[in-house]
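Undergrad: Sequence plus the predicted model coming up.
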Amino acid sequence: MVCTTGDIRLVGNGSTISQGRVEVCYNSTWGTVCDSSWDIRDATVACKQLGFSGAVSEYSRGYFGQGMGEIFLGSLQCNGPETSLLKCSRFSSIGNTGCSHSQDAGVNCSTAYIPDCNIGDVRLVGSGSTISQGRVEVCYNNTWGTVCDYGWGTNDAAVVCKQLGYYGEIML
């Protein structure tokens, strides 16, 4: 899945979409966040960046499973109003955390309020057999709506797939 520097996601063995190991994208590669100095303020920034209202709790020591590959962030010092983990102060440079994956940070985000969609957002819904399949919906005026298939083609599918972070498209 293609990513943009600064994007974050929750992965691992969380039981809901609002909890998991925090991973951050840097130079088109996903990597984990080290739990050194990881606290509720850092977790709150991560949850808000993902569209949740805040964090219920922060987790350390690879609670949601150990990641693989790079460990990009560590020793974060978020204050709370930051809009991205990359905007938080940190005591180590990106990729030089001195941590192991046994120290991967995680969160449990609050689902009390999830903001409405933003104009131009797209999503896949319905009964696709994987998360990368489904009916295309687009956000307009804070409302999700379907896309008419009249004139829909491979180029349209490729744009949606790219916007969702996938490499290509297959028309069904």
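TA: Alright, I've got the coordinates. Numbers count the residues shown, from 1 in each chain.
Undergrad: first to last residue in stretch 54-68, what's the distance?
TA: 26 Å (CA to CA, to the nearest Å).
Undergrad: got it, and stretch 23-34?
TA: 10 Å.
Undergrad: quick one: what helix or strand has residue 45 in it?
TA: helix 40-49 (DSSP states H and E).
Undergrad: wait, isn't residue 75 in contact with residue 90?
TA: Yes - using CB atoms under 8 Å, residue 75 is in contact with residue 90, at 5.4 Å. (Glycine included, C-beta is placed from N, CA and C.)
Undergrad: Quick one: the strands in this protein, in order.
TA: Secondary structure of the chain (DSSP state E): strands located at 8-11, 19-26, 29-33, 55-59, 71-73, 76-77, 89-90, 106-109, 122-125, 135-140, 143-146.
Undergrad: Rebuild those as JSON lines, extending it with mean pLDDT and mean neighbour count.
TA: Formatted as JSON lines, the strands of the chain follow (pLDDT from 0 to 100; neighbours: other CB atoms under 10 Å):
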{"stretch": "strand 8-11", "mean pLDDT": "91", "mean neighbour count": "19"}
{"stretch": "strand 19-26", "mean pLDDT": "93", "mean neighbour count": "23"}
{"stretch": "strand 29-33", "mean pLDDT": "92", "mean neighbour count": "22"}
{"stretch": "strand 55-59", "mean pLDDT": "93", "mean neighbour count": "19"}
{"stretch": "strand 71-73", "mean pLDDT": "88", "mean neighbour count": "26"}
{"stretch": "strand 76-77", "mean pLDDT": "88", "mean neighbour count": "20"}
{"stretch": "strand 89-90", "mean pLDDT": "78", "mean neighbour count": "15"}
{"stretch": "strand 106-109", "mean pLDDT": "94", "mean neighbour count": "28"}
{"stretch": "strand 122-125", "mean pLDDT": "81", "mean neighbour count": "15"}
{"stretch": "strand 135-140", "mean pLDDT": "84", "mean neighbour count": "16"}
{"stretch": "strand 143-146", "mean pLDDT": "80", "mean neighbour count": "12"}
